[in-house]
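> structural data only, the sequence is not supplied:
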Ligand SMILES: NC(=O)c1ccc[n+]([C@@H]2O[C@H](COP(=O)([O-])OP(=O)(O)OC[C@H]3O[C@@H](n4cnc5c(N)ncnc54)[C@H](O)[C@@H]3O)[C@@H](O)[C@H]2O)c1
Ligand SMILES: O=C(O)C(=O)C[C@]1(C(=O)O)C=C[C@@H](O)C=C1
């Protein structure tokens, strides 16, 4: 008998999870979305194995139900689920970016509910953006509800193991505190930086000048506003607390800038560099731990496959690959991310043996 998994919400996260779970032949993945076109696409693309017409019927047949909808919709669906005729042993879980309010809603369900949050994503949304490798090496947080037994938690961990994510159990409150710092509040700042560009009227050419720095810092501002409205309203208190710290920090920064003395200004940047540089290397407190290698590459056809080909020949696995959109001239910067410092070191030595391109570690 296959484990029946029902995923509700077939966007970036639900679609990616559906794809990854299908790696396990003992699992059957069905999917539901309020947007009928999305559900049809997901089925046609092979992201889900069946697309049941009735949510209630699909829920009744499920061993595991995953709410992969925006967190506001998830709470409403959880309330609706009280009226579903579910299996006694069913595990309910979600993928939402907030956990306190979801776990409050779970208390009213009297079901085996285990909150979930894969700490991987993108500014892109929708089923077309789904990737089965999205969660590999990312932290996947679980917040078990009071009715969930250790056995239920282990069953869910077993199911999620195909995603190759690093599962970590946390309290909902600690989750929301930490994600306010490393995800939710930064999102507001990214959006605010874009608004700052928007108010510039004197030199409209500033938009064209926006290069790597601005683009890297504000990429996430392109994300789905509905999703971020819901996250911000649910984790409101913790985000406002971060905003208070931020305003204190800005007041202090303003004082430093008004005095315009080089030493405190240097200290401000140096302290930030120290903490930032330690994030991926030490992996402490960072939600992601990847090891980036930067390579100056010429803009010629086939260059990416050439570089990844050398790695494949040397048996070195990549976690991620991106190109910094910095310049319009001949060179670009290829950023390759590895799972370990050793893989990065090996890659650096392969490129130095086989190419003339400069590599460096940020
Ligand atoms: N995008 C990210 O980077 C990211 C990362 C981790 C977790 N999350 C969380 O995962 C969840 C999904 O995010 P996403 O990025 O996949 O969003 P998305 O916009 O890509 O997909 C959401 C899907 O849910 C569907 N939907 C909305 N309301 C519904 C309802 N009532 N019933 C059924 N389907 C419904 C939408 O039609 C859409 O297809 C959110 O709770 C989000 O906070 C997002
Ligand atoms: O990489 C991105 O684009 C993201 O915004 C992903 C990100 C984040 O890191 O803040 C966004 C929200 C999620 O809950 C988890 C991950």
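Perfect, thanks for sending it. Every value quoted in this text rests on a predicted model; they were computed, and no experiment measured them. Ligands and ions are numbered 1, 2, ... in the order given.
> quick one: low-confidence ranges for the protein?
280-290, 325-332, 362 (pLDDT under 70).
> the residue nearest the centre of it sits in which helix or strand?
The chain has residue 120 as the residue nearest its centroid, 2.2 Å off, counting by CA atoms, centre = their mean. Residue 120 belongs to no helix or strand when assigned by DSSP states H and E.
> repeat for residue 48
Residue 48 belongs to no helix or strand, assigned by DSSP H and E.
> what's the residue nearest to the centre of the chain in contact with, if anything?
134, 135, 138, 165, 288 (CB atoms under 8 Å, 6 or more residues apart in numbering). (Each C-beta comes from the backbone N, C-alpha and C, glycine too.)
> give me the neighbour count for the fourth one.
Neighbour count of residue 165, defined by other CB atoms under 10 Å: 22.
> how close does the residue lying farthest from the centre of the chain get to residue 74?
Going by CA atoms, centre = their mean, the residue of the chain most distant from its centre is residue 259, 39.6 Å out. Going from residue 259 to residue 74 by CB to CB, to the nearest Å gives 49 Å.
> who in the chain is up against ligand 2?
97, 119, 120, 121, 122, 123, 183, 220, 223 (CB under 6 Å from any ligand atom).
> just checking, residue 38 touches residue 127?
Yes. Counting by CB atoms under 8 Å, residue 38 touches residue 127, with 5.2 Å between them.
> tell me which of those two has more neighbours.
Per other CB under 10 Å, whichever of residue 38 and residue 127 has more neighbours is residue 127, with 26 against 22.
> let me see the contact set for that one.
10, 11, 12, 15, 33, 38, 41, 42, 45, 47.
> what about the helices in the stretch 251-362 of the chain?
262-282, 303-313, 341-354 (DSSP state H, counting those that start in this stretch).
> for the second one, buried residues please.
Burial within helix 303-313, assessed by neighbour count using 16 or more other CB atoms under 10 Å, is assigned to 303, 307, 310, 311.
> go on, stretch 119-139?
For stretch 119-139, by 16+ other CB under 10 Å, it's 119-121, 125, 127, 129-130, 132, 134-139.
> do the same with stretch 234-243
For stretch 234-243, using 16+ other CB under 10 Å, the buried residues are 234, 235, 238, 239, 242.
> make JSON lines out of these and add distance to residue 151.
Formatted as JSON lines, the buried residues of stretch 234-243 follow (distance: CB to CB, whole Å):
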{"residue": "234", "distance to residue 151": "29"}
{"residue": "235", "distance to residue 151": "30"}
{"residue": "238", "distance to residue 151": "32"}
{"residue": "239", "distance to residue 151": "35"}
{"residue": "242", "distance to residue 151": "37"}
